[in-house]
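*Asks:* okay, here's the prediction I keep looking at, along with the sequence it came from:
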Amino acid sequence: MITLFKDKRILLGVTGSIACYKTVDLASKLTQAGAQVDVIMTEAAGRFVTPLSFQSVTGRPVYDDMWRREHVQHVGLGETADLFIIAPATAHTMAKLAQGLADNLLTVTALAAHCPLLIAPAMDGGMYEHPATQANVATLKQRGVTFAGPSTGRMASGLSGLGRMLEPDALLAQARLVLARSGVLAGTKVVVSAGPTREAIDPVRFISNRSTGKQGLAVAQAALDAGAEVTLVLGPVAESPPHGVNLVRVESTEQMAQAVLTAVANADALFMVAAVADFRPGKLSERKLKKTEANDWGLAIGLEVTLDILSTVKEQREKTGFPRVSLGFAAETHDAYEYGRAKLLRKGLNFIAVNDVMAEGAGFAVDTNRVILLSSAGVVEEMPLLSKTAVAERLVHHVAKALS
Ligand code: CTP
């Protein structure tokens, strides 16, 4: 279940292309994400897949004929929908939409609908690149329609080229971005840092920490779902960043500091979730250290404290006013509340999300977290054990409230 999709009404228009088989999967994914999916098929789509396929995955009746049912249903369908996706969209249907033609339930509904329209074209043999199709795409884009794809690759004819419908996961991600546009952070710029940083000892070794970036990636996704434009400053992690962020990959604390300071220069909010390495070797060895360089006591590496990124952000903010709101994390192993409060004041934050990394179900590499959110006024919210996604959504909610 994805909070953003929960109880959203999605119209899924399906036109005649072999890519229809992928749309069954898309309908299933949207339904599993929590949306109520109503499918409208054209007659040509019915030659590739049956209404029963869609009905089986959405659990809802499928609309496949304008005249058989009550003829005003197109108005009702379009009126209540949050999003209209047409996938696959043939060159022919796109031409009709550009012209405002309404000769079947799908095109009639598209004309009557008030919600955003997302189109996933699918066509073979250079049809997408034809000037006629390109002119229709331009017309529709100018009217505010969003296009997802097509991508390049092998097509049904055996030819390779531009015209493949995007895969269901990519379409789901696009639908998510379009739905988010009406969220509480729409029109805002948000910066999120996530993951660990690494400090080099020599060309092959480094000091780091156990952060996997899960909480930071969840915050980036929650900010996207709330409609923000998100810059994600991401340390080395295995997990993929969410679709739709402006991604800046960094390795060292120095690089993260640079990227964060640049990104917050005109940002509304900063979520500093990264587990920044606190120490780095006092000097970097240009060559790989050899075992023979160690003596009986081993090899001592002198450490120095890294730059505190939030303290630098605080200085910049005092001069420029940006970011307008800033939230930090405090990873503690003991006396979480007291240390958290001291950090909030020292780092000039509006909020600090304190987590006791030793508590059961909290900390690195797990999918849950237990967080106390503090502001200078005291406890804002003491959260129970929640998924990192739910924690992220609550943090975004509090920051959005502070911004408004
Ligand atoms: N942080 C930072 N720059 C650093 C270290 C941490 O900006 N060099 C940020 C973290 O991203 C987090 C907050 O500061 O949002 C608190 O991090 P934490 O590791 O809990 O605190 P430290 O500043 O490292 O303090 P201590 O060593 O006393 O725990």
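*Replies:* Good, I have the coordinates.

*Asks:* interface residues of the chain facing the ligand?
*Replies:* Neighbours of the ligand within the chain, by C-beta under 6 Å from any ligand atom: 253, 272, 274, 276, 278, 306-310, 328-331, 343, 347. From N, CA and C alone the C-beta is placed, and that goes for glycine too.

*Asks:* what is the burial count for the closest residue to the ligand within the stretch 1-150 of the chain?
*Replies:* Minimum separation of the stretch 1-150 of the chain from the ligand (C-beta to the nearest ligand atom) falls at residue 3, amounting to 24.2 Å. Number of residues near residue 3 (other C-beta atoms under 10 Å) recorded here: 12.

*Asks:* what of the one 5 residues further on?
*Replies:* Residues within reach of residue 8, counting by other C-beta under 10 Å, total 19.

*Asks:* so how far is residue 171 from it?
*Replies:* The gap separating residue 8 from residue 171 is 15 Å, by C-beta to C-beta, to the nearest Å.

*Asks:* what does residue 371 give?
*Replies:* Counting by C-beta to C-beta, the separation of residue 371 from residue 171 is 33 Å.

*Asks:* now do the end-to-end distance for stretch 358-375.
*Replies:* 23 Å (C-alpha to C-alpha, to the nearest Å).

*Asks:* residue 363 contacts residue 371, doesn't it?
*Replies:* No: under the criterion of C-beta atoms under 8 Å, residue 363 is not in contact with residue 371, lying 10.9 Å apart.

*Asks:* of the residues of the chain next to the ligand, buried ones?
*Replies:* Among these, those classed as buried by 16 or more other C-beta atoms under 10 Å are 253, 272, 274, 276, 306, 309-310, 328-331, 343, 347.

*Asks:* what is the lowest-pLDDT residue among those residues?
*Replies:* By pLDDT, residue 331 ranks lowest within these, coming in at 85.

*Asks:* with adjacent residues omitted, what lies nearest to that residue?
*Replies:* Excluding the flanking residues, the one nearest residue 331 by C-beta to C-beta, 6 or more residues apart in numbering is residue 357, at 5.0 Å.

*Asks:* next, the contact list for that neighbour, please.
*Replies:* By C-beta atoms under 8 Å, 6 or more residues apart in numbering, the contact list for residue 357 reads 331-333, 363-364.

*Asks:* pull out the buried residues from the host helix or strand of residue 201.
*Replies:* According to DSSP states H and E, residue 201 maps onto strand 199-202. For strand 199-202, the neighbour count (16+ other C-beta under 10 Å) marks 199, 201 as buried.

*Asks:* follow-up on the earlier one: more crowded one of residue 371 and residue 171?
*Replies:* residue 371 (28 against 23).

*Asks:* quick check, pLDDT for the more buried one.
*Replies:* Predicted confidence (pLDDT) for residue 371: 93.

*Asks:* please tell me how far it sits from residue 359.
*Replies:* Residue 371 is 10 Å from residue 359, by C-beta to C-beta.

*Asks:* before we move on, what about residue 159?
*Replies:* 58 Å.

*Asks:* neighbour count: the two, which is higher?
*Replies:* Neighbour tally, residue 159 and residue 359, criterion other C-beta under 10 Å: the higher count belongs to residue 359, 16 against 11.

*Asks:* and the more buried one, what does it touch?
*Replies:* residue 370.

*Asks:* now it: phi and psi?
*Replies:* Here is the backbone geometry of residue 359 (degrees, to the nearest 10): phi -70, psi 150.

*Asks:* check residue 85 too.
*Replies:* Given degrees, to the nearest 10, the pair of backbone angles that residue 85 has is phi -110, psi 130.

*Asks:* which one is it nearest to, not counting chain neighbours?
*Replies:* What sits nearest to residue 85 in space, not counting adjacent residues and going by C-beta to C-beta, 6+ apart, is residue 118, at 4.7 Å.
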